[in-house]
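[1] What shape does this take:
(2 chains)
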Amino acid sequence: MVSAEVAIDGVSKQFRSGALALQKISMRVDKGEFVSLLGPSGCGKSTLLRLVSGLTNPTSGAVKVNGMTPAAARPLMSFIFQDATLLPWRTVEQNVGLGLELEHTAKALREEKVAKMLELVGLTHVATHFPRQLSGGMKMRVSIARALVSRPRILLLDEPFAALDEMSRDRLNEELLRLYAEQHWTVLFVTHSVAEAVFLSTRVVILAPHPGRIAQVAPVELPWPRTAELRLTPAFEHEVSRISRMLRGVHSAQVEMLATDGGVA
Amino acid sequence: MTRLLWFALKSMVVLAGLLALWQLAVIELKIPQYILPGPVPVAEAVVERFSELLTSFVLTTEAAAMGLAASVLIGVAVALVFAQWSALRQLLFPYTILLQTVPIVAIAPLIIMWAGSGIYSVALIAFIICLAPIIANTTQGLISVEENLLHLFLMHNATRMQVLFKLRLPNAMPNLFVGIRISSGIAVVGAIVGELFASSSRVGVGGLGYAITYASAQLETDYLFALVLAATALGFAFFFVGMFLEWYFLHNWHESSRSDIPE
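    Predicted structure coming up:
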């Protein structure tokens, strides 16, 4: 058996407030998989991503990335946040080159890599612009370029397109898939959009809240390569409604549980 | 452009009207010149004693600029230390507020007594009142960094120094300039207050504050008015230079520019 790219083994996370964010999560992500974490808010999907990146540590259990601790595996990973999180005082090219600069990559090599990456994501014409001159979709594209320029093996995305309009979101999803096909990363993608998860993923992991736990795992049964036209097919619609039903099942089970407990949501 | 000219013209008319009213009041109410000189004697005083006025103006400018520059250097350094060691910040930050609340007029004589008279003592007084706004604002900017930006730096295993100089310090620039804007106004006040107490090495020659005490003692009210005008202009100039530097360093990425690139 090949070793898992990301292995999460019996991980629980309790916040300092005492709230249990995640309870005994175990899952593995193999090399080249595109796994979406789907679930209602409060199910701990962002927390799970932070555990994998090593930005927080589990209360119990272990996370291994490529056989290493998350902190040690950081050079292999790139994190894309919900908002573009660009440095407003840096131009687009300076933002994209930030990681390389922090890792002391030689200036000439850095500039070359940045220029190539800007070309790849179609940002060359705004290389010397400042973030505030760009639209939300463009800023997100800069953020993606910054994450990809260090040639990561593993991409962690935390609801990256949630704040964008549907058209920008669809377009960036298509672009992400095009790059995924070229660069073969392993991806963990947090979202609350079923359609987005279905379009992008090889597998969807549905989380249930209070405390966060894995409710269901579903491989996405759609062919590759996927293009914009896929969204218009009956097969796509079928997958979206199948996953939606699973998600709704989790949700109603939750409501029932609260009702029998006499609990207050 | 014609609108600007028109506005300038209207402003000039208002100014001329006010000056005429002032002169008329002085003449009609028969106010003696040592109580309230009209604008004409004040203008004459400016012209006649221009070199003397200029000397005072330059001395005060130097003292205030030195004080302000020192407060920026020391204030930013203190803020950087505060940002790195929060325990130290919690312990010492209240004292920077003390620095701001202590009445400068009350401690100025003490400073002169300890440090002697002369431009450096005056600059020291300007420095003291400028320091608190610089420290408080810069510290605020250094510690209020967006959490995700910190995470981004952590993901690249950035060192503490990289976080400080590539993230926290640029993030604090707008706050630093707010501090400079506040301090640039009070630097001039501080220098003038200092000069009120610092005697000059040469009789009759000193900064604006010194010249103000001298002129009032001699009942040279027309020159006193000229000095007040000069002090006001100096405060304005400091404020304007601060604003210009803020614009120069920040206009590319902060506040002014706007979205102009279609996707």
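
[2] Would you agree A:Q82 is in contact with A:D158?
    Yes - taking C-beta atoms under 8 Å as the definition, A:Q82 is a contact partner of A:D158 at 5.4 Å. Bear in mind the C-beta positions are built from the backbone N, C-alpha and C, glycine included.

[3] what residues does the stretch 101-250 of chain B put near chain A?
    By C-beta under 8 Å from any C-beta of the partner chain, the residues of the stretch 101-250 of chain B that approach chain A are B:146, B:148-149, B:151-158, B:162, B:166-167, B:170, B:173.

[4] Give the rounded mean pLDDT of stretch A:106-115.
    For stretch A:106-115, mean pLDDT is 93.

[5] buried ones in it?
    By 16 or more other C-beta atoms under 10 Å in any protein chain shown, the buried positions in stretch A:106-115 come out as A:110, A:113-114.

[6] what about the helices in the chain?
    Since no chain was named, I'll use chain A. A:45-53, A:92-96, A:98-102, A:107-120, A:136-148, A:166-183, A:194-200, A:234-261 (DSSP state H).

[7] Hmm, no, I was thinking of chain B.
    B:2-28, B:39-48, B:50-84, B:86-101, B:104-115, B:119-143, B:147-155, B:160-162, B:169-197, B:208-217, B:221-250.

[8] now for the fourth one, which elements pack on it?
    Okay, so that is helix B:86-101. Secondary-structure packing of helix B:86-101 (3 or more C-beta pairs under 8 Å, 6 or more residues apart in numbering or on different chains; DSSP states H and E): helix B:50-84, helix B:119-143.

[9] just so I know, which of those lies nearest A:E33?
    Among the helices and strands packed on helix B:86-101, the nearest to A:E33 by C-beta to C-beta is helix B:119-143 (39.6 Å).

[10] so what does that closest one touch, helix or strand wise?
    Using 3+ C-beta pairs under 8 Å, 6+ apart: helix B:119-143 touches helix B:50-84, helix B:86-101, helix B:104-115, helix B:169-197.

[11] and that helix with helix B:104-115, angle?
    120 degrees (axes from the mean of the first three to the mean of the last three C-alpha atoms, to 10 degrees).

[12] Could you pull out the buried residues of helix B:119-143?
    B:119, B:121-143.

[13] do stretch B:188-195 as well
    B:188-195.

[14] coming back round to it: can you list the helices and strands packed on helix B:119-143 in a markdown table and add mean pLDDT?
    Output for the helices and strands packed on helix B:119-143, formatted as a markdown table (pLDDT from 0 to 100):
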| stretch | mean pLDDT |
| --- | --- |
| helix B:50-84 | 94 |
| helix B:86-101 | 88 |
| helix B:104-115 | 87 |
| helix B:169-197 | 92 |
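
[15] Can you tell me which of those is most buried?
    Most buried of those by mean neighbour count (mean count of other C-beta atoms under 10 Å in any protein chain shown) is helix B:169-197; its value is a mean of 23.

[16] contacting residues for B:S71?
    If a contact means C-beta atoms under 8 Å, 6 or more residues apart in numbering or on different chains, then B:S71 has B:126-127, B:130-131, B:134, B:183, B:187 as its contacts.

[17] Among those residues, which one lies nearest to chain A?
    Distance to chain A across the contacts of B:S71 (C-beta to the nearest C-beta) is lowest for B:I134, with 19.6 Å.

[18] surely that closest one meets B:V72?
    Yes - shown here, B:I134 and B:V72 form a contact pair, counting by C-beta under 8 Å, at 5.8 Å.

[19] Determine the residues that are contacts of both of those two.
    B:176, B:180, B:183.

[20] can you pull the contacts of the residue nearest to the first one when sequence neighbours are not counted?
    It refers to B:L176. Excluding the flanking residues, the one nearest B:L176 by C-beta to C-beta, 6 or more residues apart in numbering or on different chains is B:T138, at 4.8 Å. Contact analysis of B:T138 by C-beta under 8 Å, 6+ apart lists B:75-76, B:79, B:172, B:175-176, B:179.

[21] again with B:V46
    Contacts of B:V46 by C-beta under 8 Å, 6+ apart are B:53, B:226, B:229.

[22] coming back round to it: can you pick out the most distant pair from the contacts of B:S71?
    B:A126 and B:I134 (12.3 Å).

[23] now the residue nearest to B:L176: how far from chain A?
    15 Å (C-beta to the nearest C-beta, to the nearest Å).

[24] now swap in B:L54 and tell me
    40 Å.

[25] Report the separation between the residue nearest the centre of chain B and B:V78.
    Nearest to the geometric centre of chain B sits B:S184, at 2.1 Å (C-alpha atoms, centre = their mean). From B:S184 over to B:V78 the distance is 19 Å, taken as C-beta to C-beta, to the nearest Å.

[26] For the helices of chain B, give me CSV that also has distance to A:S17.
    Below are these laid out as CSV (distance: least, C-beta to C-beta, whole Å):
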stretch, distance to A:S17
helix B:2-28, 59
helix B:39-48, 68
helix B:50-84, 27
helix B:86-101, 21
helix B:104-115, 46
helix B:119-143, 23
helix B:147-155, 17
helix B:160-162, 28
helix B:169-197, 28
helix B:208-217, 57
helix B:221-250, 38
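
[27] burial of the residue nearest to A:T227 when sequence neighbours are not counted, as a residue count?
    Spatially, and ignoring its direct neighbours in sequence, A:T227 is nearest to A:E174 (7.0 Å; C-beta to C-beta, 6+ apart). For A:E174, the neighbour count with other C-beta atoms under 10 Å in any protein chain shown is 17.
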